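In: Here is a sequence with its predicted model. Questions after.
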Amino acid sequence: MELHSRIYVAGHRGLVGSAIVRALLARGFNNVITRTRDELDLLNRRDVDDFFTAEQPDYVFLAAARVGGIGANNTYRYDFIYENLQLQNNVIDAAFRNNVNKLLFLGSSCIYPKLAPQPLREDYLLTGPLEPTNEPYAVAKIAGIKLCEALRDQYGVNFISCMPTNLYGPNDNYDLETSHVLPALIRRFHEARERGDAQITLWGSGTPRREFLHVDDAAAAMIFLMEHYEGRDFVNIGTGEDISIRDLAELMKLITGFEGEILWDSSKPDGTPRKLMSVDRLHALGWRHRYSLREGIEHAYEAFKRRTQAEADV
């Protein structure tokens with residue numbers, strides 16, 4: 001990518017998209033293209049076609065998606081598969097027909113089989129059943145990977161895919177009904193501390209293990225792949241390190257200053273027992289993450305408090 005390249009970031013208001021935009025601008029890229037949902041409905045094929053015809057982007061980061069945690073994925077199953085399929089089909093096809101130089105499609109670690117060996121290597125895709133609670137979302141993301149592969153195979157286009165692990169950081173979703181585990185814990189522990197609660201009850205047993213990557217690291221990795229990776233196979237993006245939800249809760253308690261007791265509701269679902277990404281392929285390309293988990297959560301918590309204070313001041 002050149003500094004004057006026309007770079008479209010789909011989903012620039014979301015967690016990942018906003019981080020990509022921040023990183024691009026910090027690097028000096030001066031032709032970053034964005035559209036809000038009101039300005040461009042990515043579910044509307046005609047609108048997407050008109051946008052690509054008019055703007056003619058050189059590069060596309062496809063970070064737009066409907067996302068959520070276990071509860072949202074399991075409740076809005078049709079919405080998650082339909083909207084993600086429609087959105088990514090529209091953008092990828094329009095990018096292909098308008099001769100975009102390169103597109104990066106963002107998948108999700110939930111594409112892997114529920115009981116796949118750990119750590120999750122890229123070649124484990126489609127080797128077993130998916131986690132039932134987020135299967136519709138995972139199927140949509142797998143379809144996006146295969147769409148990029150098929151375009152490359154049939155037409156030779158340079159469309160690539162990456163699979164980020166669980167992300168967190170500035171501009172995250174803290175809605176307790178739809179958020180992922182780490183931002184939900186930040187909000188739960190912060191509010192419990194503010195109220196002076198004697199205890200906090202969390203879902204599940206606390207035994208599942210998860211990997212977390214600060215979103216600024218993820219954005220840096222995605223730009224790195226856009227600039228340096230030309231392969232057909234998708235690339236995992238992560239740290240290669242995981243932590244139990246129970247230990248994560250203890251770390252969150254320490255960082256937020258909550259002084260009460262942590263209780264666990266084992267009647268609630270745990271989800272996949274473990275999700276740790278193999279990052280051998282990414283490391284072999286020459287990229288590694290910068291934030292430690294504690295440093296990253298401290299950074300994210302400060303951003304959350306600033307956001308909470310700004311909302312209170314309105």
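Out: The structure has been received and is ready for your questions. Values in this document were obtained by computation on a predicted structure and should not be read as measured data.

In: Tell me who's in contact with Tyr168.
Out: By C-beta atoms under 8 Å, 6 or more residues apart in numbering, the residues touching Tyr168 are 15, 180, 182-183, 212-215, 296-297, 300. For the C-beta atoms, the positions are set from N, CA and C on the backbone; glycine is no exception.

In: Which among those count as buried?
Out: Among these, those classed as buried by 16 or more other C-beta atoms under 10 Å are 15, 180, 182-183, 212-215, 296-297, 300.

In: Of those residues, which one scores lowest on pLDDT?
Out: Checking pLDDT across these, the minimum falls on His180 at 81.

In: quick one: that one and Glu227, what's the gap?
Out: Distance of His180 to Glu227, computed by C-beta to C-beta, to the nearest Å: 28 Å.

In: any low-confidence regions in the stretch 201-314 of the chain?
Out: Under the criterion pLDDT under 70, the flagged ranges of the stretch 201-314 of the chain are 314.

In: can you pull out the helices in it?
Out: Using DSSP state H, counting those that start in this stretch, the helices of the stretch 201-314 of the chain run over 215-228, 245-256, 280-285, 293-313.

In: So for Gln118, which of the ones you listed sits nearest?
Out: When the helices of the stretch 201-314 of the chain are compared by C-beta to C-beta, helix 280-285 sits nearest Gln118, at 13.2 Å.

In: Now stretch 48-59: buried residues?
Out: In stretch 48-59, counting by 16+ other C-beta under 10 Å, buried: 48, 51-52, 57-59.

In: ok, and what's touching the helix or strand where Ile145 lies?
Out: Under the criterion of DSSP states H and E, Ile145 resides in helix 135-155. By C-beta under 8 Å, 6+ apart, the list of residues contacting helix 135-155 from outside reads 62, 66-67, 73, 77-78, 80-81, 84-85, 88-89, 92, 96, 103, 105, 107-108, 110-111, 125-126, 130-131, 157-161, 232, 234.

In: Tell me which of the residues you listed fall in strands.
Out: 62, 103, 105, 159-161 (DSSP state E).

In: if I pick Ser109, what's in contact with it?
Out: Ser109 touches 120, 163-166, 211, 236, 238, 275, 277, counting by C-beta under 8 Å, 6+ apart.

In: Please identify the one among those residues that lies nearest to Phe304.
Out: Asn166 (16.4 Å).

In: Keep only those of the buried residues of stretch 48-59 that are in strands.
Out: Tyr59.

In: what's around the closest residue to Arg188 other than its chain neighbours, how many residues?
Out: The spatial neighbour of Arg188 that comes closest, neighbours along the chain excluded (C-beta to C-beta, 6 or more residues apart in numbering), is Ile200 at 6.2 Å. For Ile200, the neighbour count with other C-beta atoms under 10 Å is 19.

In: Run me through the strand neighbours of the strand or helix carrying Ile200, direction for each.
Out: Taking DSSP H and E as the definition, one finds Ile200 inside strand 199-203. Using DSSP bridges, the strands paired with strand 199-203 are strand 261-265 (parallel).

In: Nothing else from me, thank you.
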